[in-house]
Each structure stands twice: as structure tokens, then as C-alpha cells.
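> need a structure here:
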Amino acid sequence: MPISRKFALLWFVGLGLSVAGCTARWMPVAGPESWDVRGHVQDPDGLPYALVKVTPPIIDVLATSAPRLSRIFTDRRRAEVIKFGIGDTVSVTVFESAAGGLFIPSEAGVRPGNFVQLPNQNVDPQGNITVPYAGSIQALGRTPAEVQQSIVNALRNRAIEPQVVVALVTQNTSLASVLGEVNKPLRVPLSAAGERILDTITSAGGPRSQGFDTWVMLEREGKRATVPFGALVYEPSNNIFTRPNDTIYVYSEPQTFVALGALGPGPLGGSPVQGQLKFDAWRLSLAEAVGKAGGLNETLADPASVFLYRGETREIATRLGLDITRFEGPLIPVVYNINFRDPGGYFLAAKFEMRNKDVIFASNSISVEQGKIYNYIRLVSATVNDPLVAGQNLIIFRNALLRGPHCTVGMAC
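A predicted model of the protein is given here:
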């Protein structure tokens, strides 16, 4: 090969390498290139974000930040003993050890026993019930045993060895509300035995929709947490005890993520997969999400430059080791970078749990951008050469006509 042609070839290759990093400004691309994502982290004119390389410690932090009831409501004990509330219907039965006392007269005749059952009554707005000869007895916030002892103390000097049984007839308080997409929304009475979240949802007829699209929101004492229904079924630690006045809201919302960039089978196997995709499961890993989008396009993708966009809470961002002082608002924009060129990256991706509304973007390889440059230069060169070639053909044709009427192009006249 002549030296001039070697020089031209080297210059051509060098030109492609030198300008490949600038293609985003004037060449068509599907999104930011890998050097753009890494280089614009500190861009003062853009939206600030944090770039985090996915490593085993990062996986450990994220694994403890997934939405779970057991992490929000750490007290997993069963509900306290059921106590009376305003509006509860209560029955009171008073026993005496012998006839002739305060409640059992001497000539009582045939009786089923030495007791008298008072009419059922509701706990009044002041939180009291009324017992003859004992007066008003506080019931609000007290257990049946505590109310029984108060009545016995009030009757001790009037009745013959009084004993009292207090029972809850109709439970209008100490209820949990189950709302939303259940077959029978209702207020569920709780018992001292203790009902768990799944038990309470079952009492309401269970969810109406498919399990993997179902979410459960628990509101308790000003705290609120939302988890996939599958987290209650497959992770028993999340199936905590229901407590009085809990509100459980069940609703259906498909979990989705967005896949963009160099994903899918590519030109030989169809168009790249782009757009919004459903989880179709209660939990999905990053490896499964990439596979669901068709995998990395082997003719386009840079395996070391797969990015996941997500907003993390300030607490999680701090645990990730990020400087959150330069960010405003409750959510920190975070871009996670995972290297699929590293064989171990697939194990990390299998442990990386996707979240609803995550965005995956796979950048093009630098060789793809170089190819765009070469094709562009070739197009420009061909556009310039076409008029020259056409002009040369016209000159040849004109000369042939001048040589004689029987001469044509390509003949010796």
C-alpha cells in the first residue's frame, strides 16, 4: 500500500476516534452516551444527580430499603388486650353467694342461680357504664377484668360476697378498617387472639385483582407504608399483627418500568424493545428486567454502560454515601451504573430489586458512534464526488460527438 494511502487510512481512523465523543451534539442518538452520563454529574446548568456504581455494598443498602411493613412498623407484638371504647355494648352479671342479699331476695323461689343479669348497655360518651348500687363505673380504656374488679369493690359492703362477670356483647370500637379492592369492605372486629394483616384482608373477602398487581397500604398512628401484596404472602415477617384503628387499603396498580437505548434483538431480530413494560410479578430484578426488554443489543450496546434512573429518599442516599447537601427536595435523583461486561455484574443485577417507574437506559458502544462518523464522512464524500463524476462523463460524451457522427463513447474513431 502506498504511503499516501496508509496516511489517509490512519487519518480517517484517527478522525473517527477523535470526534466519536462529540457525536451527541450533532449526530442522531437514542439518548445520552456513557461519557455524557459520567461527565455531566457536576454540570452547573443541568439538573443535579448522583452517579452510583453498583457494587455488593450498594446492593446490601438497597436490599434493606425496599418497601416492607416490617421495616416501617418494627413492633411486631400482637395487639394488646381488647379494651372497652365509647359505644361498645356491655353486659354485666352480678353473683351473690347466698339468697337474701342485695340482688337475690330470701324468698326468691325457683331461680337458675344466685345471680342477676343487668340489661345490656353502651359505654356512654363519658366512658362509663351504670350498675345499680355501684353507680357509674369507668369502662373506657379498661379491660373486662378491670371493670369487674371496680364493680366488686363498689358492692363489697352491700352485697353478699359479690362476684361480677363483664362481657363485650357488641364491639363497636377496637376495629380495623379494610377498604379498596376487596370483595367485602368492612370494619373488622379484633380479638385478643390477634389477627394478622392477611387474616384481616381475608375477613373482608380477600383482594379482587391478581396478586402481583395488588398493593396494600397500612396506616397506623400517623405512619403509612405501602407494600406489594406478594411481600405479605412470600415474606412472613411483613405479615404483622393488625391493631385497633388500623386502616388497610387494598388497590391494584401494575408495576412498570421504562426500557430505552440499546436494548432488544436489533436489526437481525426485529426492532429494539423500547417503552414501558410491566413487571407481571410482585418483584423483579434488574437482570430480569433487562431480559424482559430483550437483553442487550449485541450490535449496539456497551455492556459496561447500562444505567438505571431512580429517585431515592434522602435517608437512603445518605446510606449510599452520597453528599445530599447539594440536592433539594425529599427525593435525590440517582443514576445507578452496572457493568454487564464483568461476569460478576450479572450476579449483582440478579440481586438488584427493581422499583415501580424505574428507567433503564443502555448506551451505545463507542464503535457504533465511530461507525456513524465514518458513514457521515462517506456520505459527504459521495455527495461531493457525484457532480465531479457526472461532469467527467459529460466531457467524454461531448468529445465523442465532436469526433464524428459514427463515433460513440468507448470507440476509437
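> Need the single longest strand in this structure, by residues.
In the chain, taking DSSP state E as the definition, the longest strand is strand 301-313.
> Ramachandran angles for the nearest residue to residue 345 once chain neighbours are set aside?
Nearest in space to residue 345, with sequence neighbours left out and distances taken as Cβ to Cβ, 6 or more residues apart in numbering, is residue 339 at 4.7 Å. (Glycine included, C-beta is placed from N, CA and C.) Phi and psi for residue 339, reported as degrees, to the nearest 10, are phi -100, psi 100.
> Isn't residue 339 up against residue 349?
No - counting by Cβ atoms under 8 Å, no contact exists between residue 339 and residue 349, whose distance comes to 9.6 Å.
> which of the two has more neighbours?
Here residue 339 and residue 349 are compared on neighbour count by other Cβ atoms under 10 Å; more neighbours surround residue 349, at 22 against 19.
> from memory that one sits against residue 285, does it?
Yes - between residue 349 and residue 285 a contact is recorded at 6.5 Å, counting by Cβ under 8 Å.
> Would you map the helices across the stretch 101-250 of the chain?
According to DSSP state H, counting those that start in this stretch, the stretch 101-250 of the chain carries its helices in the segments 144-155, 197-203, 229-234.
> wait, which of these is closest to residue 240?
Comparing the helices of the stretch 101-250 of the chain against residue 240 with Cβ to Cβ, the closest turns out to be helix 197-203 (6.2 Å).
> in the closest one, what's buried?
Neighbour counts using 16 or more other Cβ atoms under 10 Å place 197, 198, 199, 200, 201, 203 of helix 197-203 among the buried residues.
> what's near enough to touch the first one?
This points to residue 197. If you count contacts by Cβ atoms under 8 Å, 6 or more residues apart in numbering, residue 197 has them with 69, 216, 218, 232, 238, 239, 240, 241, 242, 248.
> beta partners of residue 164?
Taking DSSP bridges as the rule, residue 164 bridges to residue 94.
> Hmm, it is touching residue 148, no?
Yes - A contact is recorded between residue 164 and residue 148 when judged using Cβ under 8 Å, the distance being 4.6 Å.
> between the two, which one's more packed in?
The residue with more neighbours, out of residue 164 and residue 148, is residue 164; 24 against 19, by other Cβ under 10 Å.
> any idea how far residue 99 is from that one?
Separation of residue 164 from residue 99 (Cβ to Cβ, to the nearest Å) stands at 18 Å.
> Backbone torsions only: list them for residue 62.
Dihedral angles (degrees, to the nearest 10) for residue 62: phi -70, psi -30.
> In the stretch 151-300 of the chain, mark out all the strands, start to finish.
Remark: strands assigned in the stretch 151-300 of the chain by DSSP state E, counting those that start in this stretch are 163-170, 175-180, 186-189, 214-220, 223-228, 247-252, 256-261, 275-278.
> In its sheet, which strands sit next to the last one, and in what direction?
For strand 275-278, the pairing partners within the sheet under DSSP bridges are strand 256-261 (antiparallel).
> list the buried ones in the strand it pairs with?
Using 16+ other Cβ under 10 Å as the test for burial, strand 256-261 gives 257, 259, 260, 261.
> before we move on, what about stretch 122-138?
For stretch 122-138, the buried set under the neighbour-count rule, 16+ other Cβ under 10 Å, comprises 123, 127, 128, 129, 131, 134, 137.
> Tell me the one among these nearest to residue 64.
Checking the buried residues of stretch 122-138 against residue 64 by Cβ to Cβ gives residue 127 as the nearest, at 42.9 Å.
> what's the closest non-adjacent residue to that closest one?
Spatial nearest neighbour of residue 127, excluding adjacent residues (Cβ to Cβ, 6+ apart): residue 140 at 2.7 Å.
> so what's the closest residue in space to residue 53 that isn't next to it in sequence scoring on pLDDT?
Ranked by Cβ to Cβ, 6+ apart and with sequence neighbours excluded, the top spatial neighbour of residue 53 is residue 337, at 5.2 Å. Reported pLDDT at residue 337 in the predicted model: 95.
> can you tell me the helix or strand for residue 337?
Per DSSP states H and E: residue 337 is located in strand 331-338.
> Around the nearest residue to residue 185 once chain neighbours are set aside, how many other residues sit close by?
Taking Cβ to Cβ, 6+ apart, and ignoring the residues beside it in sequence, residue 185 has residue 179 as its nearest neighbour in space, at 5.3 Å. If you count neighbours by other Cβ under 10 Å, residue 179 ends up with 15.
> swap in residue 341?
Residues near residue 341, counting by other Cβ under 10 Å: 12.
> Spit out the contact partners of the closest residue to it other than its chain neighbours.
Once its chain neighbours are removed from consideration, residue 341 has its nearest residue in residue 303; the separation is 4.1 Å (Cβ to Cβ, 6+ apart). When the contact criterion is Cβ under 8 Å, 6+ apart, the partners of residue 303 are 296, 339, 340, 341, 345.
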